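Asks: the amino acid sequence is not available; the structure is as follows:
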């Protein structure tokens, strides 16, 4: 069933109403051609989802007023809060990465300025790219039946990201490990065993050229754990899919 | 280091020689601009890799004769033989799937004619597509430092694939499971626990519309196990990446 992610100010939970505007209005009325009495799902920013029914379509004001029928008992979100930070890759790889990482459950995506990124973002490019990534995250959240849309943050540096100091665990996908130059003090499976519900986990992935030795050492100083993702060398866009699949499997299918 | 996958007839292991022809000749001489004395890696179809040195470049005959310097002790291949069979998806998604599945270690890729595939392949299209997928598999094998290139087979039907009867385990990624309509008699983790080295594992993934109820039932009759890949609905191209990441992690990083 179609779902929409509706910002907090448009909900009136007391009166069991939710208002749909703007792009979502267009989608409900013109794309899905919903009528009075039609049903779909609306997600509140608290990650609670509701089955709603169209009560009134106002084409002059471009609003759809919906009546909440039922609070849904969905449980589609990863039990941990994963931030994926990805060194800027070439081409349009970020589109693929954000789409797949959203399907796999991230809560935040950080485009990362890294030593070996060849691509640079100026303000204009940055604005355009971020807009596009937000759209991709929203669509992927709908398609994968999530209850929330990942936040896409502005371009950050490794230092500013590490200085946030809000992460319980930091994982670095390091191709040094696949090549057998071992920096790991802990294995991926040991690290998984230490994860608790609601932990804030940062997954940091280098660009095509990999993470630099300086970035690796800075991260390790902040308790980051370099992990190996199998013995084969994965492309920069494959590494996050591997890590996120393992987190999902371990936390949602294994225990 | 650059690597080439060289067919069996071009090796003379007794005399420690290997011959490079055709596209690989072009790549060695014109792209990589290798000279006498240059080093790279050649992989034998037995999955044994060798460090070689260019002994003689013959531009008239378009051959590069190499001397084997050393047998390499690489161990990059998944310890099981995975066949990925994918229902024909829309657009050029197979390109992405074959590239990623190669990085993640498959040995065989089967394009699958399934009930809900919208795309049809006629002979001409099939030939072109297969050629392209073979090229992608070869390049991804080089890039990920594998010792073998996955086989790309011709278009098959679910029935003919199941009738091969050469698989030790059959996994079906089933979105029925994510939707809570349970067919699973065994969980993914129970199934993993039963995998042994060198097992032949078939991973079958439906197209965008999913696997049909009839295909699911036919597969279950052949001992296939429907598995859930987390609670979110994954796109058809994300599902193989999830399954293959778990197989790699469980068999290469966990035990």
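Replies: Thanks, I have it. Predicted model, so just to flag it, every value in this text is computed and none were measured. Numbers count the residues shown, from 1 in each chain, chains lettered A, B, ... in the order given.

Asks: would you mind listing what in the stretch 51-200 of chain A touches chain B?
Replies: Residues of the stretch 51-200 of chain A lying close to chain B by Cβ under 8 Å from any Cβ of the partner chain are A:75-76, A:96, A:99-100, A:103-105, A:143-146, A:178, A:187-189. Where C-beta positions appear, they are placed from N, C-alpha and C, glycine not excepted.

Asks: those in helices, which ones?
Replies: A:96, A:99-100, A:103, A:143, A:178, A:188-189 (DSSP state H).

Asks: so which of those is the closest to residue B:119?
Replies: The closest of these to residue B:119 turns out to be residue A:143 (Cβ to Cβ; 19.2 Å).

Asks: one step back: of the residues of the stretch 51-200 of chain A next to chain B, buried ones?
Replies: For those, a burial check counting by 16 or more other Cβ atoms under 10 Å in any protein chain shown picks out A:76, A:96, A:99-100, A:103-105, A:143-146, A:178, A:188.

Asks: in CSV, list the residues you listed along with pLDDT.
Replies: Converted to CSV, those look like this (pLDDT from 0 to 100):
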residue, pLDDT
A:76, 93
A:96, 98
A:99, 98
A:100, 98
A:103, 98
A:104, 98
A:105, 98
A:143, 94
A:144, 95
A:145, 95
A:146, 97
A:178, 67
A:188, 86
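
Asks: farthest-separated two in those?
Replies: Across those, the longest distance by Cβ to Cβ is 33.4 Å; it joins A:145 and A:178.

Asks: just the strands in the stretch 151-255 of chain A please.
Replies: A:151-152, A:156-157, A:169-173, A:200-205, A:224-227 (DSSP state E, counting those that start in this stretch).

Asks: help me confirm that residue A:73 is found in a helix?
Replies: No. Going by DSSP: H, G, I helix; E, B strand; the rest coil, the assignment for residue A:73 is coil, not a helix.

Asks: report the separation between the residue in the stretch 51-200 of chain A that chain B sits nearest to and residue B:233.
Replies: Closest to chain B within the stretch 51-200 of chain A is residue A:144: 4.2 Å, counting by Cβ to the nearest Cβ. To residue B:233, residue A:144 is 5 Å away according to Cβ to Cβ, to the nearest Å.

Asks: name the residues contacting each of the two.
Replies: Residues touching both residue A:144 and residue B:233 comprise residue A:103, with contact defined as Cβ atoms under 8 Å, 6 or more residues apart in numbering or on different chains.

Asks: please pull out the lowest mean pLDDT helix or strand from chain A.
Replies: helix A:175-178 (a mean of 70; mean pLDDT, DSSP states H and E).

Asks: thinking again about what came up before, redo the strands of the stretch 151-255 of chain A as CSV? Include mean neighbour count.
Replies: What follows is the strands of the stretch 151-255 of chain A, written out as CSV (neighbours: other Cβ atoms under 10 Å in any protein chain shown):
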stretch, mean neighbour count
strand A:151-152, 18
strand A:156-157, 14
strand A:169-173, 23
strand A:200-205, 24
strand A:224-227, 23
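
Asks: among the ones you listed, which comes closest to residue A:10?
Replies: Comparing the strands of the stretch 151-255 of chain A under Cβ to Cβ, the one sitting nearest is strand A:151-152, at 18.6 Å.

Asks: next up, the contacts around the residue nearest to residue A:219 when sequence neighbours are not counted.
Replies: In this structure, residue A:219 finds its nearest non-sequential neighbour in residue A:172, 5.6 Å apart by Cβ to Cβ, 6 or more residues apart in numbering or on different chains. By Cβ under 8 Å, 6+ apart, the contact list for residue A:172 reads A:204-205, A:211, A:216, A:219, A:224-227.

Asks: residue ranges for the helices of chain A, please.
Replies: Under DSSP H, chain A gives helices at A:22-26, A:93-103, A:123-143, A:158-162, A:175-178, A:188-193, A:213-221, A:238-248.

Asks: CSV please, covering the ones you listed and showing distance to residue B:18.
Replies: Output for these, formatted as CSV (distance: least, Cβ to Cβ, whole Å):
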stretch, distance to residue B:18
helix A:22-26, 59
helix A:93-103, 35
helix A:123-143, 46
helix A:158-162, 43
helix A:175-178, 26
helix A:188-193, 37
helix A:213-221, 35
helix A:238-248, 30
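
Asks: lowest-confidence stretch among the ones you listed?
Replies: Mean pLDDT values for the helices of chain A show the minimum at helix A:175-178, a mean of 70.

Asks: in JSON lines: the contacts of residue A:172, plus distance to residue B:27.
Replies: As requested, those are arranged in JSON lines below (distance: Cβ to Cβ, whole Å):
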{"residue": "A:204", "distance to residue B:27": "34"}
{"residue": "A:205", "distance to residue B:27": "29"}
{"residue": "A:211", "distance to residue B:27": "29"}
{"residue": "A:216", "distance to residue B:27": "32"}
{"residue": "A:219", "distance to residue B:27": "36"}
{"residue": "A:224", "distance to residue B:27": "38"}
{"residue": "A:225", "distance to residue B:27": "38"}
{"residue": "A:226", "distance to residue B:27": "33"}
{"residue": "A:227", "distance to residue B:27": "33"}
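
Asks: go through these and say which is closest to residue A:38.
Replies: The closest of the contacts of residue A:172, once distances to residue A:38 are taken by Cβ to Cβ, is residue A:205, at 41.4 Å.

Asks: isn't the closest one right next to residue A:86, touching?
Replies: Yes. Counting by Cβ atoms under 8 Å, residue A:205 does reach residue A:86; the two are 5.0 Å apart.

Asks: which neighbours do these two have in common?
Replies: A:236, A:240.

Asks: domain-wise, how is chain A divided?
Replies: Residue ranges for the domains of chain A, per automatic domain parsing: A:3-71, A:81-254.

Asks: just name the most buried of those.
Replies: Highest mean neighbour count among the domains of chain A (mean count of other Cβ atoms under 10 Å in any protein chain shown): domain A:81-254, with a mean of 19.

Asks: what distance separates the start and the end of that one?
Replies: 18 Å (Cα to Cα, to the nearest Å).

Asks: that older thread, and the strands of the stretch 151-255 of chain A as CSV, adding distance to residue A:251 and mean pLDDT?
Replies: Shown next, in CSV, are the strands of the stretch 151-255 of chain A (distance: least, Cβ to Cβ, whole Å; pLDDT from 0 to 100):
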stretch, distance to residue A:251, mean pLDDT
strand A:151-152, 20, 98
strand A:156-157, 26, 96
strand A:169-173, 12, 94
strand A:200-205, 10, 98
strand A:224-227, 16, 93
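
Asks: would you list these in a markdown table and tack on distance to residue B:136?
Replies: Below are these laid out as a markdown table (distance: least, Cβ to Cβ, whole Å):
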| stretch | distance to residue B:136 |
| --- | --- |
| strand A:151-152 | 30 |
| strand A:156-157 | 33 |
| strand A:169-173 | 23 |
| strand A:200-205 | 22 |
| strand A:224-227 | 27 |
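
Asks: pop out the phi and psi values for the residue in chain A sticking out farthest from the centre.
Replies: Here chain A reaches farthest from its C-alpha mean at residue A:60, the gap being 35.2 Å by Cα atoms, centre = their mean. Torsion angles at residue A:60 (phi, psi; degrees, to the nearest 10) stand at phi -70, psi -50.

Asks: could you do residue A:120 as well?
Replies: phi -120, psi 150.

Asks: which one is it nearest to, not counting chain neighbours?
Replies: Nearest to residue A:120 is residue A:88, by Cβ to Cβ, 6+ apart, at 7.7 Å.
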